[in-house]
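1. Following is a predicted model, sequence given first.
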Amino acid sequence: MTERREPSSVDLVQDPSQDAAAHEGAAQGLAAPSGALLDPRILAAWREWLAALATDAEAAIAAAHVYGELGPEAREAWLDVLAEDAPKLQVPAVAIYAPLLSVESDAARRERIEAAMGEEEAELAPRPASGFALRGIAAGGDRVVALVTPLYLRFVRVLWCRYLPEDGIAWARHDPIVRAEEAPGPGMLLDGAQLEVTPMKLVIEELCHAILAQQRKGAELPPSLQLCADLFDAHLEGDPLP
């Protein structure tokens, strides 16, 4: 039996435990304007799950994956919920918002998320020159790379890519949030090539050439590269990497 809660900007929060089966066992919460009644136990479960984002890797990864599958209206609703609930929790804002930022490509929503994280927390966001790069040479001279950059706490993101600097991007894949201890390392094989540590600046320079080649061909960039635009933007504009 549900009880009427105090009026607020949050109209409905689905029970994370009820959504788990629908999202590969990952707990999650969704918000949607409805003016509905809310069971306080569901609200408590939602807030408990939010608190877990600071310490539970599975919860953080689930948040990134589930948010990434939502449409624009559902994402806005999720952010509306967080705007009300996050300040009530004893959890760093970065733990709640960084998983969402890792998969958000819309400029307006990224700005909203960064503002919610605050200036001090936003400093923990990935920087173009941080992390490390692994590169190998595949058949035909294609470069295959893994770019590993930090997110927050013990989480990183990984951009996987195959390209030719003078020809463009063959494919790209983005793992938005990964435990640092599970990040790729030297010696792993990707498309038959063994990856070795390579200077980040060199790999980014090559990728920038490949991106420009892709654009000259009139081909669209893979969404994975768009999500990692911060790695390339400054260099494409002609600014040297630090």
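-> On my side now, so go ahead.
2. Quick one: the helices in the protein, in order.
-> 16-19, 40-52, 57-69, 72-85, 93-101, 107-122, 200-216, 223-227, 233-236 (DSSP state H).
3. Could you identify which of those is most buried?
-> Across these, averaging neighbours per residue (mean count of other Cβ atoms under 10 Å) puts helix 93-101 on top, at a mean of 24. No exception for glycine: its C-beta is placed from N, CA and C like everyone else's.
4. can you give me the mean pLDDT across that one?
-> Across helix 93-101, pLDDT averages out at 88.
5. cool, stretch 179-195 as well?
-> 93.
6. for stretch 136-143, same thing?
-> 93.
7. May I see the buried residues of that stretch?
-> Within stretch 136-143, the residues scored as buried using 16 or more other Cβ atoms under 10 Å are 136, 138, 142-143.
8. Farthest-apart pair in those, please.
-> Greatest spatial distance among the buried residues of stretch 136-143 (Cβ to Cβ): 136 and 142, at 9.3 Å.
9. Give me the distance between the two termini of stretch 134-150.
-> 15 Å (Cα to Cα, to the nearest Å).
10. sorry, back to before: how about TSV for the helices of the chain, with distance to residue 185 added?
-> Output for those, formatted as TSV (distance: least, Cβ to Cβ, whole Å):
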stretch	distance to residue 185
helix 16-19	33
helix 40-52	28
helix 57-69	18
helix 72-85	33
helix 93-101	23
helix 107-122	29
helix 200-216	15
helix 223-227	21
helix 233-236	25
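11. For residue 171, which of these is the nearest?
-> helix 223-227 (8.7 Å).
12. Which elements pack onto the closest one?
-> strand 155-164, strand 168-179 (3 or more Cβ pairs under 8 Å, 6 or more residues apart in numbering; DSSP states H and E).
13. re earlier: need the residues touching each of residue 136 and residue 142.
-> Shared contacts of residue 136 and residue 142 (Cβ atoms under 8 Å, 6 or more residues apart in numbering): residue 191.
14. Now the spatially most central residue of the chain: closest residue in space that isn't a chain neighbour?
-> Nearest to the mean C-alpha position of the chain, by Cα atoms, centre = their mean, lies residue 102 at 1.7 Å. Excluding its sequence neighbours, the residue lying closest to residue 102 (Cβ to Cβ, 6 or more residues apart in numbering) is residue 176, at 3.9 Å.
15. swap in residue 158?
-> Nearest to residue 158 is residue 175, by Cβ to Cβ, 6+ apart, at 4.3 Å.
16. Can you give me every residue that contacts that neighbour?
-> Contacts of residue 175 (Cβ under 8 Å, 6+ apart): 157-158, 160.
17. out of the helices of the chain, nearest to residue 166?
-> Short answer: helix 200-216, nearest of these by Cβ to Cβ, at 5.9 Å.
18. what angle sits between the closest one and strand 155-164?
-> With axes from the mean of the first three to the mean of the last three Cα atoms, to 10 degrees defining the directions, helix 200-216 sits at 60 degrees from strand 155-164.
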